[in-house]
Structure formats: C-alpha cells, structure tokens
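**Student:** what's the 3D shape of this:
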Amino acid sequence: MTTRLTRPQQVERNRTLLLDAARRSFLARGYAGATIDAIAEEAGFSKGVVYSQFSGKADLFLALVAERVDWRAAENDRLVEDHSGPGALIALMRTSERRSTEDVGWARLLIEFRVAAARDPELNRRYAALHAHSVTRLAGAIAAGLAKDGVTPVLPPHTFAQLIFALNSGAVLEQAADPSALPFSGLEELLSHLVIRH
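**Tutor:** As a prediction, the model looks like this:
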C-alpha cells in the first residue's frame, strides 16, 4: 500500500530533489552554465515547481551553500569533541584539506560562484553572510579545541579561520594548474607555527 505524502512532506521532498538536481547540474556545467531549465529537467519537474521553492539559480546555489556550511560546522564540532589543543587544530586543518581534495569539483564551483557574486552587490551580501557564519563556526571550533589544553593562540581564532579558508581556495586554484603544488604537509606546519604560541 502506497502512503500519500502530506503537503508539507511533498514540499520537503521536492526541495530535496531540486537541491540534489541543482548540485549535479552545477557540478556538471559550472555556475554560469547551469540553467533553471536544466535543473528542473534533472529533477523531473517543471520550472514552475522550481520557482515555487526558489527565486532563481542564485537562490538554489545559496541553499546548497547553507546546507554545506551547517554540515561542515557540525563535523568540526564533533572533531573538537575528540581532540584538544594543537591536535584539535591539526585535525580541523586536515579535515578542511580532505574536503577540498575529495570534492574538488565543489571547491572550484564555489570559487566560480564567489567571483560572480563579487560583481553583484546583493548576491555578494547574501553570500558574505553565509561565509561569515562559516568562518565564525570554524573560529569557535578552533577556540574550543585550543582552550581544552589552555593553549593561547598567536592569532585570534577568527583570523586563523579566515586564513584556513584563504589557503584552501588558493591551493585549489594552484592545484588546478599544477596538482603537486602546495602539499598540505607544508601548510600544516606553517599554520601551526602561526597560531600556536610555543
């Protein structure tokens, strides 16, 4: 016997299917190349269903970013529960690098979107709010991990979180041209010296 979904359940299911289709479409075509038509077709819906949930392509992409920010922040919080002091910091850095390496398509896509958003003040404002939340959550994880061992960072945790994001983005771009560029082992040692007062 088939169970009928309630209206809220249908809306939530459609949203999930649309976001999954949008992610596949963005990864396959890039942010500029993906279209609402292609995303709707990928999800098996009409464009009307897309627009009933999202205002457009940018709204879909930002919803994907918001999901990813929350997922990554929760993973970072779990890491800090299992590590402390410099070990927590290194675990956070290694996890950040692993994410970029394992999902390089997303890392490049996010860079593409950030460049597009920088040319659109409203879109940049919306993205900047999500990014600020991501930086704040990572900074909180860094501070919590170091505080467990009473380690005093040389740099404020917020600055260090920004540095991790900046180095990851730069490494993604460098490695697109030269896959052997900026091995993480060297960056890990550099960042540890920058943040921890010995």
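
**Student:** in this structure, where is pLDDT below threshold?
**Tutor:** Residue ranges of the chain with pLDDT under 70: 1-2, 184-198.

**Student:** helices of that one, residue ranges please.
**Tutor:** 7-33, 36-43, 47-53, 57-82, 85-102, 104-118, 121-148, 157-177, 184-195 (DSSP state H).

**Student:** format those as CSV; extra columns: mean neighbour count.
**Tutor:** C-beta here means a position set from N, CA and C on the backbone, and glycine is covered the same way. Compiled in CSV, the helices of the chain are given as follows (neighbours: other C-beta atoms under 10 Å):
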stretch, mean neighbour count
helix 7-33, 16
helix 36-43, 18
helix 47-53, 15
helix 57-82, 16
helix 85-102, 18
helix 104-118, 17
helix 121-148, 17
helix 157-177, 17
helix 184-195, 14
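
**Student:** for stretch 64-81, C-alpha coordinates in CSV please.
**Tutor:** C-alpha atoms of stretch 64-81 as CSV (Å, rounded to 0.1, in the frame of the first residue of the first chain):
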residue,chain,number,x,y,z
LEU,A,64,23.3,24.4,-1.2
VAL,A,65,26.0,26.6,0.4
ALA,A,66,23.9,27.0,3.5
GLU,A,67,23.4,23.2,3.8
ARG,A,68,27.1,22.7,3.4
VAL,A,69,28.0,25.3,6.0
ASP,A,70,25.8,23.6,8.6
TRP,A,71,27.1,20.1,7.7
ARG,A,72,30.8,21.2,7.9
ALA,A,73,30.3,23.1,11.2
ALA,A,74,28.7,20.1,12.8
GLU,A,75,31.5,17.9,11.6
ASN,A,76,34.1,20.4,13.0
ASP,A,77,32.3,20.4,16.4
ARG,A,78,32.4,16.6,16.5
LEU,A,79,36.2,16.7,15.8
VAL,A,80,36.8,19.1,18.6
GLU,A,81,34.9,16.7,21.0
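
**Student:** how much space between the closest residue to residue 108 other than its chain neighbours and residue 80?
**Tutor:** With sequence-adjacent residues excluded and distances taken as C-beta to C-beta, 6 or more residues apart in numbering, residue 108 is closest to residue 172, at 6.2 Å. For residue 172, the distance to residue 80 (C-beta to C-beta, to the nearest Å) stands at 24 Å.
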